[in-house]
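Colleague: Okay, sequence plus prediction incoming.
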Amino acid sequence: MPADFNWAIGGEAGDGIDSTGKIFAQALSRAGRHVFTSKDFASRIRGGYTAYKVRTSVDQVQSVVDRLDVLIALTPRTIDENLDELHEGSVIVYDGERTTMQGVEIPEGMVGLDVPLQSIAEEKGGAIMRNVVALGAACAVADFPIEHLDSSLEKRFGGKGQAIVDNNRKAARAGRDYVNENYDHEFDYNLETTDNDYVLLNGDEAIGMGAIAAGCRFYAGYPITPATDVMEYLTGRIEQYGGHVVQAEDELAAINLALGGARAGARAMTATSGPGIDLMTETFGLIATSETPLVIVDVMRSGPSTGMPTKQEQGDLNQMVYGGHGEIPRFTLAPTTVAECFHKTVEAFNLAEKYQTPVYLAADLAMAVTEQTFAPEEFDMDAVEIDRGKVVDDDTIGEWQNEKGQFKPHALTDDGVSPRSFPGTGGGAHMSTGLEHDELGRRTEDTDMRVEQVDKRNRKVETAKEREPWAYREFGDKDSGNLVISWGSNEGAMVEAIEFLEEDGVDVHFISVPYIFPRPDLTEVINDADDVIVVECNNTGQFADILEHDALTRVKRVNKYNGVRFKADELAEDIKETLSQEITA
Amino acid sequence: MSSDVRFTDFKSDKQPTWCPGCGDFGTMNGMMKALANTGNDPDNTFVVAGIGCSGKIGTYMHSYAMHGVHGRALPVGAGVKMANPDLEVMVAGGDGDGYSIGAGHFVHAVRRNVDMTYVVMDNRIYGLTKGQASPTSREDFETSTTPEGPKQPPVNPMALALAAGATFIAQSFSSDAMRHAEIVQEAIEHDGFGFVNVFSPCVTFNDVDTYDYFRDNLVDLAEDDDYDRHDYDAAKDRILDASKEYQGVIYQNENSVPYEEQHGLTENMAEIPDGAPEDATDLVREFY
């Protein structure tokens, strides 16, 4: 394993935990280190436990591990909550002068650094800076040059004036100095820096950026955790590219607004989470039947109903593959990393327009709110290609009109894809409907036409299966006989779990699947393996069920549904244990 | 847009399946006339309808159109207009579609004030499901699902609109063809959300709110020289006056600024480059 460093700040919501964590993560990124962050938060605005964790290494880090080296504890509960991850020698920075921290006991074997965060902050200009004093203290512990904090403090507080930035810089240095002067403990950390340039962003931001890059101009949504960041990202940015964001009155309106935008010819998108997907499902069938291209992002969280809104789960897969009454051709993509959130969003727009279908983008909370470092080349704008599919214009529309000059938006074609005419195109006027229709888009109950239109729409999926590279990502030892399959955001944890497993002498072949429907044909590889485990963050193993159905065989499952994403080391243990088990029931 | 468009250009060759004598024939004819009179043509017009008898209108008219799901025509229309403000957008609905399942969208469409026209065919009954009470049915109106009447006051759509901040509120009667077309035309010409509630009698299931009833009880505000449509209080009085049925433009806000103008929407968003926008690299730089 790379020599990595795990740091966290925890306290009450409203304590500025999130921004403090982000400042540290950004400083590390700018110092040329890789960063992977995770958040632990509750569904409330103030109070309640919240934490921001940062894992960093000079090598790429793609997951969280069950380990914490330095913890800044603003409340006693912070220590309790993280007890399992703290280890012999872990450093806990706390402010013993604070009423709430008085009498707090540092667990045996750990190093408590009592730093008067609040007093120092007040001395340097205000109690509000106590978190920054703590960051300075953390820099001293980790032997991380404090200058790297400067630019992220500038980024965070620059808008409030140079004086504020300067005060924060002083506060950070005071925190560092206090630790250096009062503790002569030799800490075993050295956060070396590199000249590499990295960008640090989360999945929701990557989806928003992908949307703009892909030419999305119209976004309608309704705030819901953890998808709201997509809307917040696009607001204020999409306008610079001629687009618009609407905050709708509810999810029903959101998807219908987006549908209207798409029908007018814009590349349009909406994003929501599970409960919102339920509401949107009403319109989902209309989108498919009217053959309107639309991208629908589901940033999954724990369900059902309102479940645990701030916790991780991948429980909506069945909804995205089967949801809706009747039979609905659709695509469902599941980005596997933050960078893939960008690429899959671009791909989703192309698929939607090339095949004139709704496309689900299955993201999840763990990926959406997790910041990760990448080389900026991972977001290569020059490589973005936009394919709008079969759009007719005034010159080409003639091929798609009948003898009366009527346009055929649902023409029966070999590949199942019909021409599209944007409103305003002369001679292309037609109605789009959720009713079964003929080639002209007119309601029909003709039995033959019904069959032809159903076949035509479903033919698009078959065409896409042939034309598109439904590739998967492979890691580990292909010949090991131990096959692990996962989808969505579990990839990072599993890639690192492979290394943990190797240390224990267990080799695995890992396949990470970014396409849920349609999906790559894994039948052969599954049937060739000795042992197959499907890893996913849900209780029943929704993807495992699908793969069993595809391959006509049984698979083993590793499921996690306590609301926390997989940790690499823990996942390795689960895999080892599951490999030794027989399939039961 | 062209000046030689006739209203029949908006007619499709599908024969309506509305009941003979249905008010919706007149409502639709008036919409087509108003569209033609305002210089629109079918290729630049977008008509959105929901579900129910009113929802069939997209099939009988010829234009770009969307036949949506029940109650959600307004957000579709707003999305179309925002994405391409060059289009003339007209949304058609019924009293069930618009004031029951779609009531929430109605209130917010009014608030949003997108420059489009909303025509509601109000027959005060659910026709296509064969005669149940609608949100505008009278309190004592007996139907299969309300044998003693709904026993709740009807929704007053104009009051709802006024309370939500409507900038244009009108009412018309489908069988008064000239006036109805004129009123819809005024709604189209209004800068903002033009709302027209149309009395569109159901000859099959509603024997109370009939052609005769409206003929006998309709008061045309155009015939009242003292009536000022810009006077909010006067409009409120008329709207809350349950003793009469009014026809005409009841309220118009002179200061209406449509949504598109407020948000600087002028471009047709269908037009995008072949690849990422030229300065899209700036988006990445932000994350350093």
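Modeller: Received the coordinates, thanks. Numbering: from 1, shown residues only, chains lettered A, B, ... in the order given.

Colleague: and the residue in the stretch 1-150 of chain A that chain B sits nearest to, what does it touch?
Modeller: Minimum separation of the stretch 1-150 of chain A from chain B (C-beta to the nearest C-beta) falls at A:R30, amounting to 7.0 Å. Just so you know, the C-beta spots here come from the backbone N, C-alpha and C atoms, and that holds for glycine as well. Applying C-beta atoms under 8 Å, 6 or more residues apart in numbering or on different chains, we find A:R30 in contact with A:148, A:151-152, A:198, B:288.

Colleague: ok, which stretches of the stretch 101-250 of chain A are helices?
Modeller: Here the stretch 101-250 of chain A has its helices, by DSSP state H, counting those that start in this stretch, at A:117-124, A:130-142, A:147-157, A:162-182, A:203-213, A:228-234.

Colleague: elements contacting the longest helix seen in chain B?
Modeller: Ranked by residue count under DSSP state H, the longest helix found in chain B is helix B:23-37. Helices and strands touching helix B:23-37, by 3 or more C-beta pairs under 8 Å, 6 or more residues apart in numbering or on different chains; DSSP states H and E, are helix B:57-60, strand B:88-94, strand B:117-122, helix B:177-189, strand B:194-199.

Colleague: Would you mind putting these into CSV with mean neighbour count and mean pLDDT alongside?
Modeller: Formatted as CSV, these follow (neighbours: other C-beta atoms under 10 Å in any protein chain shown; pLDDT from 0 to 100):
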stretch, mean neighbour count, mean pLDDT
helix B:57-60, 25, 92
strand B:88-94, 29, 97
strand B:117-122, 29, 98
helix B:177-189, 21, 98
strand B:194-199, 28, 98
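
Colleague: For these, give me CSV that also has distance to chain A.
Modeller: Shown next, in CSV, are the helices and strands packed on helix B:23-37 (distance: least, C-beta to the nearest C-beta, whole Å):
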stretch, distance to chain A
helix B:57-60, 5
strand B:88-94, 9
strand B:117-122, 14
helix B:177-189, 17
strand B:194-199, 17
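
Colleague: And the contacts of A:R30, which of them are buried?
Modeller: Neighbour-count burial (16 or more other C-beta atoms under 10 Å in any protein chain shown) applied to the contacts of A:R30 gives A:148, A:151-152, A:198.

Colleague: Just the residues contacting the helix or strand hosting A:L483, thanks.
Modeller: Using DSSP states H and E, A:L483 falls within strand A:482-487. With contacts defined as C-beta under 8 Å, 6+ apart, strand A:482-487 is touched by A:314, A:317, A:334, A:336, A:362, A:476, A:494, A:506-514, A:516, A:522, A:525-526, A:529-536, A:543, A:547, A:555, A:575, A:579.

Colleague: Now do the contacts for the residue in chain A positioned nearest to chain B.
Modeller: Among the residues of chain A, A:G260 lies nearest to chain B; the distance is 2.3 Å by C-beta to the nearest C-beta. Counting by C-beta under 8 Å, 6+ apart, A:G260 touches B:48, B:66, B:75-83.

Colleague: mind running it again at 7 Å?
Modeller: Applying C-beta atoms under 7 Å, 6 or more residues apart in numbering or on different chains to A:G260 gives the contacts B:75-80, B:83.

Colleague: again, but for B:F287
Modeller: Residues near B:F287 by C-beta under 7 Å, 6+ apart: A:199-201.
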